[in-house]
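> below are the sequence and a predicted model; questions follow.
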Amino acid sequence: MGIEVPVRLPSHAELPWFEVADDCLVVGGRRLTDLAAEVGRTPFYVYDRSVMSRKVSQLRQALPAEIHLHYAIKANPLPDVVRHFVGLVDGLDVASGGELKIALEAGGRPESISFAGPGKTEPELRSAASAGITINVESEREVELLGALGAQAMRRPRVAVRVNPDFELKTSGMKMGGGPKQFGIDAERVPKVLGRIGELPLDFQGFHIFSGSQNLRAEALVEAQRKTVDLALALSAAAPSSVRLFNMGGGLGIPYFPGEQLLDLQPVADNLRQLLPRMRAALPDAEFVLELGRYLVGESGVYVCRVLDRKVSRGHVFLVTDGGLHHHLAASGNFGQVLRKNYPVVVGNRVQGMDREVASVVGPLCTPLDLLADRMELAAAHPGDLIAVFQSGAYGRSASPLGFLSHPPPRELTL
């Protein structure tokens, strides 16, 4: 079909999932130019199901068999993507009533779905409780509301306590635990909350401890997992019933930027293998879960836009495209980056290109923030050429301000 993507691809991110043929990027066995013609217009996102499947397979091979995998829908809620993961993983995690609807319609089993988030509304709690999913309570308010629902219904709501630990996942892209946080219940307050759960008509399931995300350092993940296990076992002494669910969070990252390398999964897997005997002995009825989103889907996606104009301003080349931050906020650097860095980007129909140049890829919006690649070495591009942004399977379209300046939204397809 083709050859592996050559070193002309950005060297700061290993991209083992894609091929090129006749200097054109191939995604899911299809040339990018053919995909663009089939879609009919740019921009669009394309997600390769085979990449998702291979990521899950890699995890299954590395991790102990007792570790269950859950897909966090917030990373990419496209129904086709969620349906694919339903057949691959052991459960789903949602963060809104809308995501819960997607999960159930995709075929997710209610008993394998959990619902996290610090601001659940009463209608969301009611629908989640009636569906029989596990609700990760994040405040005393949620406990009391669910207790009242349990008193009114024949089915007791299934609840787990989301714990805000007293430690952070070091070097993580986003810290979800440690210190004051809007997420979860502070660890020191959890025993009292567990006592209250035991007084109410609630079906206690266990704990959810998520300390951070997007981490590429195995040693940081190992340390956090050890502390997470210690905390869960200590809190289990105050549990109103046996622990049936222990969600250890995730935190596994993928490389985006210069100098970043793929996460070495083996130390993480070895650490879990060492921890398991102690976990089994203390929590014999528990299912042990890793909750992953970006790690499973991020590398499967490519965002594609088309060059509309080529401008030279005071010696610098700007490739003006029909895509931008309104479609892909993360690639523009405006979704949590302190110092802007480039995602891996190529000219999709001239991956290597005989002529090379340093150029910036910008969008059509009236703001200097609309930047997809800043002073990158690329194949020389012209109007009509396709720009491909890799690592775009997670937090792409759904995490972007699609209404900004009222441009048409990008389409999405799965292969």
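Right, received. Where do you want to start? These figures come from a predicted structure and were not determined experimentally.
> report the residue spans of the chain with pLDDT below the cut-off.
1-16, 168-181, 183, 338 (pLDDT under 70).
> if we use 50, what do you get?
Filtered on pLDDT under 50, the chain yields the residue ranges 1-8, 10-14, 170, 172-173, 175-177.
> show me what the helix or strand encompassing A269 packs onto, helices and strands only.
Per DSSP states H and E: A269 is located in helix 265-282. For helix 265-282, the elements it packs on are helix 49-62, helix 218-236, judged by 3 or more CB pairs under 8 Å, 6 or more residues apart in numbering; DSSP states H and E. Quick note: C-beta positions are derived from backbone N, CA and C, even for glycine.
> how about residues contacting the helix or strand that the first one is followed by?
Sequence order places strand 67-72 as the next helix or strand after helix 49-62, per DSSP H and E. Outside of strand 67-72, the residues that reach it under the criterion CB atoms under 8 Å, 6 or more residues apart in numbering are 56, 59-60, 63, 82, 85, 88-93, 95, 112, 114, 247, 250, 272, 287-293, 296-297.
> verify the stated contact: Y395 with R294.
Yes - in this structure, Y395 is within contact of R294 by CB atoms under 8 Å, at 6.9 Å.
> what do these two both touch?
Common contacts of Y395 and R294 (CB under 8 Å, 6+ apart): A75.
> about what we covered before: which of the contacts of strand 67-72 fall within strands?
Within these, membership in strands is found for 91-93, 114, 247, 287-292, as judged by DSSP state E.
> ok so, going back, now distance to P364 and mean neighbour count too, for the helices and strands packed on helix 265-282, in a markdown table please.
A markdown table is the format used below for the helices and strands packed on helix 265-282 (distance: least, CB to CB, whole Å; neighbours: other CB atoms under 10 Å):
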| stretch | distance to P364 | mean neighbour count |
| --- | --- | --- |
| helix 49-62 | 29 | 17 |
| helix 218-236 | 40 | 19 |
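> quick one, which of those gets closest to D374.
helix 49-62 (26.5 Å; CB to CB).
> helices and strands around the closest one, which ones?
strand 67-72, helix 79-86, helix 265-282, helix 294-297.
> now with 10 Å, please.
On a contact count with 3 or more CB pairs under 10 Å, 6 or more residues apart in numbering; DSSP states H and E, helix 49-62 meets strand 67-72, helix 79-86, helix 265-282, strand 287-292, helix 294-297.
> kindly calculate the angle that the third one makes with helix 218-236.
On the basis of axes from the mean of the first three to the mean of the last three CA atoms, to 10 degrees, helix 265-282 is oriented at 10 degrees to helix 218-236.
> name the residues that touch helix 265-282?
58-59, 61-67, 215, 217-223, 225-226, 228-230, 232-234, 236-237, 243, 246, 248, 251-252, 286, 288, 290, 295 (CB atoms under 10 Å, 6 or more residues apart in numbering).
> sec struct for K192, please.
Per DSSP: H, G, I helix; E, B strand; the rest coil, the local secondary structure of K192 is helix.
> please apply the same query to the one 5 residues further on.
Taking three-state DSSP as the rule, one finds I197 in the helix state.
> what about it, distance to P157?
In this view, I197 and P157 are 10 Å apart by CB to CB, to the nearest Å.
> identify the contacts common to those two.
137, 143, 146-147, 203.
> out of these, who's nearest A373?
The closest of these, once distances to A373 are taken by CB to CB, is V137, at 42.8 Å.
> that closest one against I185, yeah?
Yes - at 7.4 Å, V137 counts as touching I185 under the criterion of CB atoms under 10 Å.
> more neighbours, those two?
V137 (27 against 22; other CB atoms under 10 Å).
> mind giving me the domain split of the protein?
Split into domains by automatic domain parsing, the chain comes to 3-48+299-414, 109-292.
> which one of those lies nearest to K101?
domain 109-292 (8.4 Å).
> any idea how far the closest one is from the chain center?
With CA atoms, centre = their mean, to the nearest Å as the basis, domain 109-292 stands 16 Å off its chain's centre.
> coming back round to it: closest to G301 out of the shared contacts of I197 and P157?
V137 (32.5 Å).
> at which residues are the strands of the stretch 101-250 of the chain located?
113-115, 134-137, 158-164, 174-175, 185-186, 203-209, 212-213, 245-247 (DSSP state E, counting those that start in this stretch).
> with adjacent residues omitted, what lies nearest to D166?
Of all residues not flanking D166 in the chain, A187 sits nearest, at 5.3 Å (CB to CB, 6 or more residues apart in numbering).
> repeat that for S241.
Using CB to CB, 6+ apart, the nearest residue to S241 is F204, at 5.1 Å.
> swap in R340?
Using CB to CB, 6+ apart, the closest residue to R340 is G333 (3.4 Å).
> wait, that neighbour touches Y343, no?
Yes - assessed by CB under 10 Å, G333 is found in contact with Y343 at 8.8 Å.
> between those two, what contacts are shared?
In contact with both G333 and Y343: 257, 372, using CB under 10 Å, 6+ apart.
> T33 and G40: what is the separation?
13 Å.
> who has more neighbours out of the two?
T33 (15 against 8).
> looks to me like that one is in a strand.
No - secondary structure of T33 (three-state DSSP): helix, not part of a strand.
> my read: it touches V27, true?
No - applying CB under 10 Å, one finds T33 not in contact with V27, separated by 11.0 Å.
> who touches the host helix or strand of V46?
V46 belongs to strand 44-47 when assigned by DSSP H and E. The contact list for strand 44-47 (CB under 10 Å, 6+ apart) reads 27-28, 30, 32, 35-36, 38-39, 76, 78, 80-81, 84, 297, 300-306, 323, 327-328, 388-389, 392-394, 396-398, 409-415.
> now the nearest residue to K341 once chain neighbours are set aside, what's its secondary structure?
Sequence neighbours aside, F257 is the residue nearest to K341 in space, at 4.0 Å (criterion: CB to CB, 6+ apart). Look at F257: counting by three-state DSSP, its state is coil.
> which one, of the helices and strands packed on helix 265-282, ends up nearest to G384?
helix 49-62 (27.5 Å).
> and that closest one, how far from the chain's centre?
Counting by CA atoms, centre = their mean, helix 49-62 is centred 15 Å from the centre of its parent chain.
> I am finished for the moment; much appreciated.
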